[in-house]
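# this one's sequence-less:
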Ligand SMILES: Nc1ncnc2c1ncn2[C@@H]1O[C@H](COP(=O)(O)OP(=O)(O)O)[C@@H](O)[C@H]1O
Ligand SMILES: [Mg+2]
């Protein structure tokens, strides 16, 4: 099924998808899309760019037949369609890879793929294996088909999802923010795969809010802002700066600016720390460093280099195998989470499911680690006070919500993240440990969070920042540590590193001295 | 909770109304299938069930307490199926102390229930025994232990099919006061105190609880203690306020704990809604006895009718609770 190469410039490329005048009003009255036109040509990589909440996912769920538009038409391969379910979309060769994968963790790769394929067509396992081998050959990568999915790194799990879609006959592949779960190296590998798929004639729609991804891999880009299309370009004809402006709707500063504060004494000291993960594997292998008051120390590293275990040991969520944690010179290694919090330590975890009680309200979530401050007589909770604190958090961090007493469950991911981060920062902690604090946030919100962290530091707090976003680390830190495989493999001021050097260290390429 | 859930309230009212319709239609079908006049019998059930208000409230009171006994641990993410056994413990302990008078006997009954609850909690915390399993075992153990205690120590010398009669009886206003105050206290505890907050965070997610510095082991024991206390109190009240004796087959106690589970589910886990839910279920129960008497409906069939109605009322929420506990998606709790 090789597409005929475009022989001359006069032939217009064939149209794969046309969405015309799409409007979507959700049952709760949110207008997610207004009169959106969207066109994708066969064999191109088309980026759908927009901030969080712009309506990207909504538009693609309509194309994929998961939800139906309030108004508007969808055409696929020049034919008017009205999908009632993803099955219908699949029949036309459309498939979607979500941010959260839909694989069964304890099944093998093959079982997962076979499970999906056999639900729509009659094939034998042998045939599926054959097709997978051919595909992996053509696309030039290998995944052990007998490995269980949970053993695989996230980057490979994603490739399993893509393989699954292809075996099921996908010719138009939608990827929803695929790099949000990947390390820089894994992202690069994904882009190579996308290019290979394109060469095979697969049409790709890439949802993203990262400008660099658009520039490096896409052919064309459609920019969405607040449910409207604000521009369609060939990637060559538009600059990153222009795209950023369109997407956000104003001039943006892509980096947080550093504010000089007064450097104080040592707030947090980590001594020769060794920590095991849940499965008993040693993940932190002798880490030592200090964080001073009025300083941001950034730890760069690919996800899974031991940062999570390190931070959990620091805040008291994970036992320490060997070594010590000191706050203000006091050995707190044996202290619980609550005791450390009372000493002024705050923690932003890398997962909202860990930091937010989803069935509880915004107000209740705002005081989750700060309960002592809101107690009255007989250990009763002073809800008036709590509500006041919550309303400050949602105001300062732009948490869009209907009522402070609605469950957090109903908030969008970005709003949940801002609530969680805002709660920890608004408490004015003396020491804050932040793990991927801007995860899932658009540019404007990321900048907001970064500026709040900088302000906290300027006012004299100690900040320990762990992020896999190189820009964030370079832009915010006064001192940078690079972590790889449970050890600190590099240390210095931001001026000592450029992106490439940092990238190499994060990937485990330790320079020979 | 608190404000902002009016819409939620409306959808729950719709759900309950629909469930009532489904339940009664189901019950009517069962009656018709066995050749009874469905309309007439259901009319008897409803009109007689809710006729004597005093009796209705008396019957409801212990169920309010066993419902709360299920509800509090549920908020912490635990299934206290042991309300039944905790109720036996409370009833028999209180009966033992009947000579001292109910000022001591009733708190002692509540305390006995509390100890059973704590035992179930400890088994879970220390030995990792699932609370459902240990609850069931405690229920049976306490069932036979209670029967033995009556036969051996508490038997009435004249009427040998039942225990001695308690010396002092709670008045109707006293029982009603306990029945109305307990849900209020539980509500305040859950939604306005530090302990209640920690219980609800633990129930929302154990991971979040750890993050927030909540000690899950302590919360498990605390919530099981409260649950056991309430069920024990329910048992004592059943003896001192309703039956004044316990028969040797425990038929006046049997099932009250399980009924509480249904009532808590019908109340959608809301401690205040437990009151109307308990009154509704008690009324239906009383009415079903009249249905047996008047319509000569077989007792088993009357039970089926009630069962269908309770099932229809509690199933939607029960599903949500299970789903959230098993991770089938979010909701409930
Ligand atoms: N199922 C839903 N119900 C109600 N509103 C929704 C739903 N899904 C998304 N929204 C709202 O629609 C808007 C667009 O969301 P989405 O398409 O997810 O944006 P994006 O993918 O660009 O971040 C947001 O305001 C979001 O809160
Ligand atoms: Mg999205």
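Yep, it's here. From a predicted model like this one, the values you see are computed outputs, not experimental measurements. Ligands and ions are numbered 1, 2, ... in the order given.

# what secondary structure does residue A:465 sit in?
Applying DSSP: H, G, I helix; E, B strand; the rest coil to residue A:465 yields a three-state assignment of strand.

# what bridges to it?
residue A:298, residue A:434 (DSSP bridges).

# That one and ligand 1, how far apart?
For residue A:465, the distance to ligand 1 equals 24 Å [Cβ to the nearest ligand atom, to the nearest Å]. Where you see a C-beta, it was placed from the backbone N, CA and C, and this is true even at glycine.

# likewise residue A:236?
From residue A:236 to ligand 1 the distance is 25 Å (Cβ to the nearest ligand atom).

# And the helix or strand residue A:156 falls within, what does it pack against?
Following DSSP states H and E, one finds residue A:156 within helix A:154-167. Counting contacts by 3 or more Cβ pairs under 8 Å, 6 or more residues apart in numbering or on different chains; DSSP states H and E, helix A:154-167 packs against strand A:94-97, helix A:109-118, helix A:125-139, strand A:172-176, helix A:184-199.

# What are the buried residues along it?
Residues of helix A:154-167 classed as buried: A:155-167 (neighbour count, 16 or more other Cβ atoms under 10 Å in any protein chain shown).

# follow-up on the earlier one: could you dump the helices and strands packed on helix A:154-167 to CSV with mean neighbour count?
Shown next, in CSV, are these (neighbours: other Cβ atoms under 10 Å in any protein chain shown):
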stretch, mean neighbour count
strand A:94-97, 24
helix A:109-118, 19
helix A:125-139, 14
strand A:172-176, 24
helix A:184-199, 17
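
# and the residue nearest the centre of chain B, how far is that from residue A:496?
The centre of chain B sits closest to residue B:260, judged by Cα atoms, centre = their mean, with a distance of 1.9 Å. Applying Cβ to Cβ, to the nearest Å, the value for residue B:260 to residue A:496 is 67 Å.

# wait, which of the helices and strands packed on helix A:154-167 is closest to residue B:175?
Closest approach to residue B:175 among those (Cβ to Cβ): helix A:109-118, 57.9 Å.

# Mind telling me what element residue B:318 is part of?
helix B:299-326.

# What of residue A:39?
Going by DSSP H and E, residue A:39 is part of strand A:31-41.

# Indicate whether the helix or strand following that strand makes contact with ligand 1.
Downstream of strand A:31-41, the first helix or strand assigned by DSSP H and E is strand A:45-49. No - judged by Cβ under 6 Å from any ligand atom, strand A:45-49 and ligand 1 are separated, with a smallest distance of 8.4 Å.

# Counting neighbours, which bits of the helix holding residue B:318 end up buried?
B:301-302, B:304-314, B:316-318, B:320-321, B:324.

# contacts with chain A among those residues, please.
residue B:324 (Cβ under 8 Å from any Cβ of the partner chain).

# rewinding a little: the residue nearest to the centre of chain B and residue B:65 touch, don't they?
Yes - look at residue B:260 against residue B:65 with Cβ atoms under 8 Å: they come within range, at 7.3 Å.

# okay, and the common contacts of these two?
By the contact definition Cβ atoms under 8 Å, 6 or more residues apart in numbering or on different chains, residue B:260 and residue B:65 are jointly contacted by B:231, B:234.

# Could you tell me which residues within stretch B:8-18 count as buried?
B:12, B:16.

# for that stretch, the distance to its chain's centre please.
22 Å (Cα atoms, centre = their mean, to the nearest Å).
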